[in-house]
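In: 3D model of this:
(one chain, ligands or ions: 1)
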Amino acid sequence: MSGVSRRQFLTWGFPAGLGLTGAALAATGQEASPPIPKGMAHPNPTQYTGSSRPAPTERQAPDALNPMQILTAFDHGKVTRSPDGRVQREYTMTAFDREIEVARGVKFPAWTFNGAVPGPTIRCTEGDRLLIHFRNEGSMPHSIHLHGIHPANMDGVFEIVPPGGRYDYELTADPFGLFLYHCHVMPLKKHIHKGLYGTFIVDPKTPRPPAKELVMVMNGFDTDLDGENEFYTVNGIANYFAEHPIPIQVGELVRVYLVNVTEFDLINSFHLHGNVFRLYRTGTNLTTYEVTDTVTLCQGERCILEFTYNLPGKFMFHAHQSEFAELGWMGMFDVRPRAVSA
Ligand SMILES: [Cu+2]
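Out: Take a look at the predicted model:
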């Protein structure tokens, strides 16, 4: 997309313009690597290893999940008992570089957790002991910074993991709510927009009511490296849910875990057509909510939405910034009548 601003791209029409320009849009930019900041050596060398071997810039890995699969791909970890009798969950997170598709025919040289953007949805219950084994097989230093309560050396800010290195994060899931994780290496904006982030759900000990649960991560991709996004998506591919409406049923309770990890733009938003939703900000309170049809989130903010459709049909959801919607942040729910048994 070199030499073409997103404003120009908008005037071509999207997605109609894609068919004409897809091949030309493939991002080719390679950026210079930032050094590890001085004074940020890891304080606990027993958990931390570096390596002088060159890290792979690309590696063989399973195909990335598509945005529909990401909606419901919860990683509950490997479950055992901790020494003090609590539920213990172990996760493996590997950072590596990978070219991903961000719109039809458009590639982006991403930095990924486990090969996908967004990375896996980590799910657990309040009070669980979490062990996250982080391996950096990428070309740059990285870390995992989780939101929520945890010790300082589990915060992923000073414990920067070089290519070939690893770090084990150990924490108690606290409090319950909807959080996120992301790399916290400087320059932060770059390490986030390249793709190193994902959703972190801590369920309350008494579970929320049964529902069709969907994770939606709002993000953007700066494919020509000009400091603004050329595409906006939910779960990584522009317009995916416009082309693949999400099936739901009349009368079904739907719960959306909505996370905003859009860089460059200060806010993003979610607007639901033909309905209203209960809005639980950050999901840390089960009883306090507002009822609305649009929510605006700053970078890093999250909320849980609950709604039920009583009428069948196709209903749109999209960013209420119309520019974002035209650049890919638009989708549909396909509300189907309930199956009637004979
Ligand atoms: Cu990073």
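In: what residues does the stretch 151-300 of the chain put near the ion?
Out: 183, 185, 191, 196 (C-beta under 5 Å from the ion). (Each C-beta comes from the backbone N, C-alpha and C, glycine too.)
In: Widest-spaced pair of those residues?
Out: Spatial extent of those (C-beta to C-beta) is set by the pair Val185 and Leu196 at 8.6 Å.
In: between these two, what contacts are shared?
Out: Counting by C-beta atoms under 8 Å, 6 or more residues apart in numbering, the shared contacts of Val185 and Leu196 are His142.
In: Show me which positions of stretch 138-149 end up buried.
Out: Within stretch 138-149, the residues scored as buried using 16 or more other C-beta atoms under 10 Å are 138-148.
In: cool, and stretch 226-240?
Out: Residues of stretch 226-240 classed as buried by neighbour count (16+ other C-beta under 10 Å): 226, 229-240.
In: again, but for stretch 98-106
Out: Within stretch 98-106, the residues scored as buried using 16+ other C-beta under 10 Å are 98, 100-104, 106.
In: before we move on, back to that, which one of the buried residues of stretch 138-149 is nearest to the ion?
Out: Of all the buried residues of stretch 138-149, the one with the least separation from the ion (C-beta to the ion) is His142, at 3.4 Å.
In: so where's the chain uncertain?
Out: Counting by pLDDT under 70, the chain contains low-confidence residues at 1-61, 341-342.
In: Could you confirm whether whichever strand in it runs longest reaches the ion?
Out: Using DSSP state E, we find that the single longest strand of the chain is strand 87-103. No: under the criterion of C-beta under 5 Å from the ion, strand 87-103 makes no contact with the ion; the nearest approach is 7.0 Å.
In: Just give the strands next to that strand in its sheet, each with its orientation.
Out: In its sheet, strand 87-103 lies beside strand 78-81 (antiparallel), strand 106-113 (antiparallel), strand 129-136 (parallel), with partners assigned from DSSP bridges.
In: chain center to that strand: distance?
Out: Averaging C-alpha positions (C-alpha atoms, centre = their mean, to the nearest Å) puts strand 87-103 10 Å from its chain's average.
In: And the helices in the chain, which stretches?
Out: Taking DSSP state H as the criterion, the chain carries its helices at 6-12, 16-25, 67-72, 188-193, 240-243, 322-326.
In: for the fourth one, which positions count as buried?
Out: Judged by neighbour count (16+ other C-beta under 10 Å), helix 188-193 contains these buried residues: 190-193.
In: Surely Val117 and Ile237 touch.
Out: No: the criterion here is C-beta atoms under 8 Å, and Val117 misses it with Ile237 at 9.6 Å.
In: coming back round to it: can you tell me which of the strands paired with strand 87-103 is packed in deepest?
Out: The highest mean neighbour count among the strands paired with strand 87-103 belongs to strand 106-113 (a mean of 22), with neighbours defined as mean count of other C-beta atoms under 10 Å.
In: Thanks a lot, catch you later.
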